[in-house]
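Q: Let me see the structure of the following:
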Amino acid sequence: MLESLLRCVVLAAAATPLLVACGGGTASDPAPISPSQCSGSTCTNQGPPPSAAAATALCPNDATIAGETFLGGAGSGEVVSLNVDPTKMTYSLTFLASPIPFSPSGKLQDTRAGLTVTGAIQHPPAGSLPSAAQIACAFQLQPGTGTLNGSSYTTAYNANNPPTIYVGFGVAGGGIPGATVSFKGDTLAASLYPGQEDRSFDFYPFIGFSSVDTNLADLKGSYNALLYHILPSNNFSPTAVVAQEQYDASGNCSVPAGATNTSCDTATSPWTADASGSYFDSANPPSLEPPSPLLDSTFLSTLTSVAGLPARTGATAHLILGKLNNAIVPVVVRTGYVNENTLQVDDESGIALMAPATTLALGSIDGSYIGADSNFDYTATLINDASGGFLKPSTMTTEGQFTLDYTQTHPGLIGVTDASGNTGNMIAVGGLYGIFINGEENGGVTPSSANSATPNQPYFAAGALIQPQ
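A: All right, here's what the predicted structure looks like:
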């Protein structure tokens, strides 16, 4: 029954182009768009988009996109400012906060924070998405280059799984350039964490907004938070946590009665305005994972007690208040920190999506979504009442199925169960969704990925609405 339902929804989704309602517009009231046509050498390798009798506005026109800057967070624990310019077929990306090492052969504490990279973009090749209009709103980020502190940098790139950004109205999501993280290239880190393997990431999942709220008082309210973190110093172990939190107008977090968590998981110290003025910071955020068992804890605790050196401090949480569909969408990024001179090591990093603790009615989040997931892949998600499914965007074929439970012991927190009986939760706000499942979904991390050694579970995905039902 569910398979038949998904196939019917797939046909509808394929007939209606992607990214209809990412932050504005509806399927029933679209605005016209005339995707720019390339010719000759301007077409790179994807060729000119095929013509269509009638086009639907899936994203702003090229000039509007070029004038927008998307501020957001990545699963790598990075705060990123991104501009995509379809008029010049280029992009510019600045890492405002980052735990990712600038060089695999350098110190872990030397990150790419402050680095700006620029490079070319191209649309995905014909056939990679169901329609030309969808392809016109998707951009593959080619290798980017930049300079930081006098040293040059080139982003990692896997042509079989390139970082791709899907642009909609007010929101951009998908993947930003990945990187290689090497403990072996750092003498001290290699001694503290023996046996750690290098890990290369094709891309890092990203969600960003063209408009953000800088009034912290607007955060006031009760939320469900879905957090996904990775601990590099423990062989990049992942974890996903669901929490209930409430914030006052000053940015102080507390735990409401009846919550599944006993303390705040996004931040414990109050949020304060970042120097950039566009987002907020909180020092020493909570950890979701225990310290690495690979670390000589006796040695480190001895240093801590004798020399007064902190063992696990220095990380920072960053809060971005995205504005989308007349809703505030809080995104929290945890940026890990390493200072080898003082043996401060708190490298746990990740991302969280928060949604209001408001009851969701059956059918209220029905529709088609697209985004990136913890498999370091792009996935479409279809929801119809209590039935849902994951699909491959290029073919719109079903990869996995799940059911939704709207009982909501905690308002706004929907229970999900996949076809194998694995359970998890889903939250949604402003046309965005977040989901985690304690199981392997969609075949796990693809073997052709550079980071195929990453654990396949728990599964986490986030994305934007592309077509309401």
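
Q: Would you check that my belief about Leu93 contacting Val80 is correct?
A: Yes: using CB atoms under 8 Å, Leu93 is in contact with Val80, at 6.2 Å. Placement of C-beta: from N, CA and C, glycine included.

Q: Can you pull the residues that touch both of these two?
A: Common neighbours of Leu93 and Val80, counting by CB atoms under 8 Å, 6 or more residues apart in numbering, are Ile176.

Q: show me the contacts for the residue nearest to Tyr459 when sequence neighbours are not counted.
A: Computed as CB to CB, 6 or more residues apart in numbering, the closest residue to Tyr459 that is not its neighbour in sequence is Glu441, at 4.2 Å. Residues counted as contacts of Glu441 (CB under 8 Å, 6+ apart) are 373, 375, 390, 399-400, 418, 457, 459.

Q: Of those residues, just the buried ones, ChimeraX syntax please.
A: The buried subset of the contacts of Glu441, as determined by 16 or more other CB atoms under 10 Å, is captured in ChimeraX by this line:
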select :373,375,390,399,400,418,457,459
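
Q: Helices along the stretch 51-200 of the chain, start to end?
A: Listed in chain order, the helices of the stretch 51-200 of the chain (DSSP state H, counting those that start in this stretch) span residues 62-66, 132-136, 187-192.

Q: mind saving the C-alpha coords of the first one as PDB?
A: Same thing as helix 62-66. Coordinates of the C-alpha atoms in helix 62-66 are reproduced here as PDB (Å, rounded to 0.1, in the frame of the first residue of the first chain):
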ATOM      1  CA  ASP A  62      19.700  34.600 -11.800                       C
ATOM      2  CA  ALA A  63      20.200  38.200 -11.000                       C
ATOM      3  CA  THR A  64      18.300  37.900  -7.700                       C
ATOM      4  CA  ILE A  65      20.300  34.800  -6.700                       C
ATOM      5  CA  ALA A  66      23.500  36.600  -7.500                       C
END
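
Q: Go through it and flag the buried ones.
A: For helix 62-66, the neighbour count (16+ other CB under 10 Å) marks 62, 65 as buried.

Q: which helices and strands sit right next to it?
A: Where contact means 3 or more CB pairs under 8 Å, 6 or more residues apart in numbering; DSSP states H and E, helix 62-66 is packed against strand 79-85.

Q: measure Gly119 to Leu93 for me?
A: Separation of Gly119 from Leu93 (CB to CB, to the nearest Å) stands at 8 Å.

Q: Kindly report the same for Leu465.
A: Counting by CB to CB - Leu465 and Leu93 are separated by 24 Å.

Q: Kindly report the same for Thr403.
A: Counting by CB to CB, the gap from Thr403 to Leu93 is 38 Å.

Q: do the same with Asn235
A: For Asn235, the distance to Leu93 equals 28 Å [CB to CB].

Q: Settle it for me: which of these two has more neighbours?
A: Using other CB atoms under 10 Å as the criterion, Asn235 and Leu93 rank with Leu93 on top: 25 against 19.

Q: Could you give the bridge partners of that one?
A: For Leu93, the beta-bridge partners are Leu82, Val117 (DSSP bridges).

Q: how far away is it from Val79?
A: Distance from Leu93 to Val79, by CB to CB: 11 Å.

Q: Ok, Pro290 next?
A: Using CB to CB, Pro290 is found at 26 Å from Val79.

Q: what do you get for Ile320?
A: Applying CB to CB, the value for Ile320 to Val79 is 7 Å.

Q: circling back: overlap in contacts of Gly119 and Leu93?
A: Shared contacts of Gly119 and Leu93 (CB under 8 Å, 6+ apart): 141, 144.

Q: doesn't Val255 make contact with Glu245?
A: Yes: contact criterion CB under 8 Å: Glu245 and Val255 qualify, at 6.4 Å.

Q: one step back: neighbour count: Pro290 and Val79, which is higher?
A: Val79 (27 against 13).

Q: Contact partners for the more buried one?
A: 71-73, 95-98, 279, 318, 320, 333, 335.

Q: Among these, which one is most surrounded by other residues?
A: Taking other CB under 10 Å as the neighbour criterion, Gly73 ranks highest of the contacts of Val79 with 31 neighbours.

Q: And the pLDDT for it?
A: pLDDT recorded at Gly73 is 97.

Q: show me what contacts the closest residue to it other than its chain neighbours?
A: Leaving aside its sequence neighbours, Gly73 sits nearest to Val333 (CB to CB, 6+ apart; 3.8 Å). Shown in contact with Val333 (CB under 8 Å, 6+ apart): 73-74, 77-79, 97, 317-318, 320, 350-352.

Q: Any chance of CSV for those residues, columns distance to Thr272?
A: Below are these laid out as CSV (distance: CB to CB, whole Å):
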residue, distance to Thr272
Gly73, 17
Ala74, 22
Gly77, 19
Glu78, 20
Val79, 15
Ala97, 14
Ala317, 11
His318, 11
Ile320, 14
Gly350, 21
Ile351, 20
Ala352, 18
